[in-house]
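S.K.: Build me a structure from this.
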Amino acid sequence: MIPVSRITAFECNRRIVLLNRFILLFRDYLSEIRVRGSFDEPEQSELAEAYRTEINKISNEVSAAISASGQTPSLCWSPPPSIGGQTQLINVIYNVFKLRRYMIPSTAVTDIIECAIGIYEAEVKKAWFRTFNPIFWFFRLVGYIASFPFRFIEHIGLPRHKFESSLLGKLFKGVVEFCTGMLVILTFLQTSGLLEHIKQLLGLNK
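M.R.: Residues are numbered from 1 along each chain as shown. All right, here's what the predicted structure looks like:
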């Protein structure tokens, strides 16, 4: 998912709505369950099951939206000393229905999401400026073209993120973005007739 600093106002508002919807669904779900033992699965009403289904449908996108805001959807969890074991990161969005097992309070989920919402809300004004800024769309176009090879890698079933985040992948993407950007600029200068004027100023027509 595209980072918060590189999205349009429409996408920014869409993510705010998405995150708020998750919180509402989660709170509605909690109000419809009946807790028994400390670690037992809670009793769920039909309405709770419906909320749970909706939460599961959007959990992947919600987790990605939190990460794209610069926050992490994970908490560092350590098992009780009496049990022992290694400390691990628990994604509270993916494990939202297993919080009792890890003794994580439900407020930990809403706190993380509300922090992400705050970041998106603070970014809305900048996002509106980007939305109507042609330079922003130019770089979006260049980035989109540079991502074609990695999209193909993903299409044939290979791990796109692994290739794209590698040193070679970043170098390749940077070169493609630079070349594509220069090509677009030169094409614009050529079609607008400005290229000849620049050549004359630089004395390249001699």
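S.K.: Return the distance of residue 177 relative to residue 108.
M.R.: Plainly put, residue 177 is 39 Å away from residue 108 if you go by CB to CB, to the nearest Å. In this view, the C-beta of every residue, glycine as well, is placed from N, C-alpha and C.
S.K.: Next: residue 88.
M.R.: According to CB to CB, residue 88 and residue 108 sit 15 Å apart.
S.K.: again with residue 14
M.R.: Taking CB to CB as the measure, residue 14 falls 25 Å from residue 108.
S.K.: before we move on, what about residue 1?
M.R.: The gap separating residue 1 from residue 108 is 22 Å, by CB to CB.
S.K.: One more: residue 121?
M.R.: From residue 121 to residue 108 the distance is 21 Å (CB to CB).
S.K.: Neighbour count: the two, which is higher?
M.R.: residue 108 (15 against 12; other CB atoms under 10 Å).
S.K.: Now name the helix or strand holding the more buried one.
M.R.: Element membership for residue 108, per DSSP states H and E: helix 107-131.
S.K.: buried sites along that helix?
M.R.: 109, 110, 112, 113, 116, 117, 119, 120, 123, 127, 130 (16 or more other CB atoms under 10 Å).
S.K.: Next: stretch 138-151.
M.R.: Buried residues in stretch 138-151, counted by 16+ other CB under 10 Å: 142, 143, 145, 146, 147, 149, 150.
S.K.: just to revisit the earlier point, report all helices and strands that the helix holding residue 108 contacts.
M.R.: Applying 3 or more CB pairs under 8 Å, 6 or more residues apart in numbering; DSSP states H and E, one finds that helix 107-131 makes contact with helix 9-31, helix 46-68.
S.K.: Okay then, goodbye and thanks.
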